[in-house]
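> Any chance you could fold what I've pasted below:
(one chain, ligands or ions: 1)
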Amino acid sequence: MRFTVAIDGPAAAGKGTIARAVAEHFGFAHLDTGLLYRAVGAKTMVGVEPIEAARTLTAEDLARDDLRSAAVAQAASWVAVIGEVRAALLDFQHAFAARMGGAVLDGRDIGTVICPDAEVKMFVTASDDVRARRRFEELSGKGADVTLDGVLQDLRERDARDRERSAAPLVAADDAVRIDTSDMTIAHAVEAVIAEIEKIRGKV
Ligand code: DC
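Prediction:
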């Protein structure tokens, strides 16, 4: 059975956590597509040209343990503007989405560009302040030297770049179900998405 769940939204809205939990609940495979762009961004930080970095991405590049840093996130957002970088990552994402047994992909352009025919499309948002607080707690919990203000600025800068680029900008698909997680616990948001998927699964 093929069944694709596309989960898009801005940084730190909770989509990664939701996608992981949903995949686990249904026994689907999960791909955090942001990790692809982070791995490309990380390679450019050591001097590799972005398009070359995307075309030569390996499993080891994706397993680096520094991909969650704020510096790598910014580099990811910069390389994500380049159409050829995005094109180089298409086949991998398409193949992942088409695997048997179901797949959840989270990112910025899954419902609009990568999987426009996904059975389920969600667009997950939260207020800037809530997102900054969540990301601040995540990063400082890992011992990173960050401030709440710095994290907020970083998120806003990245969102603006992700929204304003011409190649596959961050935008909700017309047929996406929107969830604002500002006043929800992540557990509640996970429940809401699972309920949405159950509803659609019953029809396919
Ligand atoms: O989801 P994330 O924060 O790990 O993503 C890092 C950056 O990668 C994000 O700022 C924009 C880019 N990205 C993208 O352009 N398209 C995707 N599908 C996923 C991420």
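
> residues contacting the residue nearest the centre of the chain?
Ranked by distance to the mean C-alpha position of the chain (Cα atoms, centre = their mean), the top residue is Gly107 at 2.6 Å. If you count contacts by Cβ atoms under 8 Å, 6 or more residues apart in numbering, Gly107 has them with Ile7, Asp8, Asp32, Thr33, Gly34, Ile114. Quick note: C-beta positions are derived from backbone N, CA and C, even for glycine.

> again, only using 10 Å
Applying Cβ atoms under 10 Å, 6 or more residues apart in numbering to Gly107 gives the contacts 6-9, 15-16, 19, 31-37, 80, 93, 113-115, 168, 170.

> Can you flag which of the residues you listed belong to helices?
Lys15, Gly16, Ala19, Gly34, Leu35, Leu36, Tyr37, Gln93 (DSSP state H).

> Which residue, other than its chain neighbours, is closest to Ala168?
Asp109 (3.8 Å; Cβ to Cβ, 6 or more residues apart in numbering).

> Next, give phi and psi for the one you found.
Asp109 adopts backbone torsions of phi -130, psi 20, taken as degrees, to the nearest 10.

> How about Glu60?
phi -60, psi -40.

> And Val177, by the same measure?
phi -90, psi 130.

> Then Asp180?
phi -100, psi 110.

> from memory it sits against Ser127, does it?
Yes: applying Cβ atoms under 10 Å, one finds Asp180 in contact with Ser127, separated by 8.0 Å.

> what touches both of those two?
Ala13.

> how about the residues of the protein near the ligand?
By the rule Cβ under 6 Å from any ligand atom, the part of the chain lying against the ligand is 11, 33-34, 37-38, 73, 76-77, 80, 107-109, 158, 162.

> can you do 8 Å?
Residues of the chain found near the ligand (Cβ under 8 Å from any ligand atom) are 8, 11-12, 15-16, 32-38, 41, 68, 73-74, 76-77, 79-80, 86, 93, 105-110, 114, 158-159, 161-162, 165, 168, 170.

> Any quick ChimeraX command for the buried ones out of the residues you listed?
In ChimeraX syntax, the buried subset of the residues of the chain next to the ligand is picked out as below (16 or more other Cβ atoms under 10 Å):
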select :8,11,12,15,16,32,33,34,35,36,37,38,41,73,76,77,79,80,86,93,105,106,107,108,109,110,114,158,159,161,162,165,168,170
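
> can you tell me which of the residues of the chain next to the ligand are in strands?
Of these, the ones assigned to strands by DSSP state E are Asp8, Asp32, Leu105, Asp106, Gly107.
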